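Student: need coordinates for the following:
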Amino acid sequence: MIICALYRPPDAPLENFKSCLQFMADYISGQEAYETCVLRDFNLPRIDWNSGGIVSGSRPATDQSASLLLDSMANNFPSQFIVEPTRLGNCFDLFLSNSPNLVTDTPLSDHRLFKIFLSYDPCRPHLLAPPDFNIFSFRSIDFYRADYERINTLFNSTDWKELWNLCDPVEFPELLNLVPLQICEMECPKKQVSTRRRGSFLTTLSRKKRKLKLRMAELTTNFENADALTKKLE
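Tutor: Residues are numbered from 1 along each chain as shown. The predicted structure is shown next:
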């Protein structure tokens, strides 16, 4: 799950807000499999969330920012769950998501505080998903178990000038990436995906708590034995 918190000041320059939206779009690009949400105070009161249009009356820059947000939502976040006013009769605080089933309830409770209940449960045990990356890339290599001495030897023995002469300068960056990748693949094993079921956070916390109690009991017993021995010696 990807969670983004964004605050847009009322006088935010249009270009800054545009850059921020583009950054978010670039970040989530290629990660559509994840449930994603964007929340916080956008300060765009002239958006009519029932009709999806912009009501005139704001400064041009604010209306343009509202238009940018709606365009971004059309491409990335089709769902917006806060439609009631959150402050002074305006809907400033928004909750955008790419999943229409992510939110189960939005009870509004100054900015009027609101709570959002998600169907996502971070404490629910789940199997680890296989890593989502190209197996012919550096990300697939387990560098924790690499033979770095051998890798350094191969790097030092590579004739980089000859490689430069073998190809067009435009193609050299690709070659410069490919050769180190091949060297690392020779001297590093591939990552292995664990299929063990990971316990929930609450289970882990409970186990640590139990160990701590046992340790405290052990220390108490040792202290009592030492105290008894001291009295006996006296």
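
Student: need the helices for the chain, in chain order.
Tutor: All helices of the chain, identified by DSSP state H, fall at 14-28, 60-75, 148-157, 160-166, 172-187, 201-233.

Student: output the below-cut-off pLDDT ranges for this protein.
Tutor: Low-confidence segments of the chain (pLDDT under 70): 78, 83, 86-90, 92, 103-133, 193-206, 208, 219-220, 222-234.

Student: one more time with 80
Tutor: Along the chain, segments meeting pLDDT under 80 span 30-34, 40, 45-46, 49-52, 56-59, 77-93, 99-136, 192-234.

Student: residues of stretch 136-153 that come out buried?
Tutor: Within stretch 136-153, the residues that qualify as buried are 140, 141, 151, counting by 16 or more other Cβ atoms under 10 Å. Yep, even glycine has a C-beta here, placed from its N, CA and C like the rest.

Student: could you list the residues in contact with stretch 7-21?
Tutor: Outside stretch 7-21, the residues that touch it by Cβ atoms under 8 Å, 6 or more residues apart in numbering are 6, 40-44, 61-62, 64-65, 68-69, 72.

Student: most neighbours out of those residues, which is it?
Tutor: Neighbour counts for the contacts of stretch 7-21 (other Cβ atoms under 10 Å) peak at residue 65, which has 27 neighbours.

Student: got the contact list for that residue?
Tutor: Contacts for residue 65 (Cβ under 8 Å, 6+ apart) come out as 8, 12, 14, 17, 44.

Student: how about these in a markdown table, adding distance to residue 155?
Tutor: Output for these, formatted as a markdown table (distance: Cβ to Cβ, whole Å):
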| residue | distance to residue 155 |
| --- | --- |
| 8 | 47 |
| 12 | 48 |
| 14 | 48 |
| 17 | 45 |
| 44 | 53 |
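
Student: narrow these to those that are buried.
Tutor: 8, 12, 17, 44.

Student: just give me the closest of those residues to residue 172.
Tutor: Within these, the smallest distance to residue 172 is 39.1 Å, found for residue 17 (Cβ to Cβ).

Student: from residue 24, how far off is the closest one?
Tutor: Taking Cβ to Cβ, to the nearest Å as the measure, residue 17 falls 11 Å from residue 24.

Student: one more: residue 52?
Tutor: On the measure of Cβ to Cβ, residue 52 and residue 24 end up 20 Å apart.

Student: neighbour-wise, which of these two wins?
Tutor: Set residue 52 next to residue 24 and count neighbours by other Cβ under 10 Å: residue 24 wins out with 19 against 11.

Student: ends of stretch 1-10, how far apart?
Tutor: 29 Å (Cα to Cα, to the nearest Å).
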